[in-house]
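[1] quick check, what structure comes out for this input:
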Amino acid sequence: MSEFVTKDSGKRVEYPTGMRRDTQEGKPDYTLVDYDMLTRWAELMTRGAEKYGRNNWQLPLKRWIASKHLHSDT
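    Reported below is the predicted structural model:
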């Protein structure tokens with residue numbers, strides 16, 4: 001089963017055009033994300049990928065997860 005849940009407050013906002021949507025209440029507000037900062041982060045990750053390999057920063061975590069599953073009952 002997926003850990004992701006589609007949030008639905010049960011409330012609706014109606015627009016003059018007839019469009020009806022769930023409210024944004026309790027959901028992430030992506031208008032608060034600074035696009036320039038996101039671009040700078042992507043550029044940093046790209047430089048790291050060129051130097052160390054793509055997603056290299058995840059390797060210690062993946063190794064830990066693999067080890068955890070080998071040595072646990074779950």
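[2] going by C-alpha atoms from here, please, whenever you check contacts or count neighbours.
    OK.
[3] show me where this structure has strands.
    Assigned by DSSP state E, the chain shows strands spanning 12-14, 20-22.
[4] low pLDDT regions in this protein?
    Applying pLDDT under 70 to the chain picks out residues 1, 73-74.
[5] ranges for the helices of the chain?
    Here the chain has its helices, by DSSP state H, at 35-52, 59-70.
[6] and Arg21, how far from Val13?
    Separation of Arg21 from Val13 (C-alpha to C-alpha, to the nearest Å) stands at 5 Å.
[7] what's the answer for Lys68, then?
    46 Å.
[8] and Ser2, which of the helices of the chain is closest to it?
    helix 59-70 (18.4 Å; C-alpha to C-alpha).
[9] ok so, going back, any chance of the helices of the chain in CSV, plus distance to Glu3?
    Converted to CSV, the helices of the chain look like this (distance: least, C-alpha to C-alpha, whole Å):
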stretch, distance to Glu3
helix 35-52, 25
helix 59-70, 17
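[10] for the closest residue to Glu25 other than its chain neighbours, give me its contacts.
    Using C-alpha to C-alpha, 6 or more residues apart in numbering and skipping residues adjacent in sequence, the residue nearest Glu25 is Ser9, 7.5 Å away. Contact analysis of Ser9 by C-alpha atoms under 8 Å, 6 or more residues apart in numbering lists Asp22, Thr23, Glu25.
[11] most surrounded residue in the residues you listed?
    Most neighbours among the contacts of Ser9, by other C-alpha atoms under 10 Å: Thr23, with 15 neighbours.
[12] you'd agree that one is up against Arg12?
    Yes - with contacts counted by C-alpha atoms under 8 Å, Thr23 reaches Arg12, the gap being 5.8 Å.
[13] need the strands of the chain in TSV with distance to Lys51, can you?
    Formatted as TSV, the strands of the chain follow (distance: least, C-alpha to C-alpha, whole Å):
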stretch	distance to Lys51
strand 12-14	48
strand 20-22	44
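[14] and the ones you listed: which comes nearest Gln58?
    strand 20-22 (35.5 Å).
[15] what pairs with the closest one, and is each one parallel or antiparallel?
    strand 12-14 (antiparallel) (DSSP bridges).
[16] contacts for the partner strand next, please.
    Arg20, Arg21, Asp22, Thr23.
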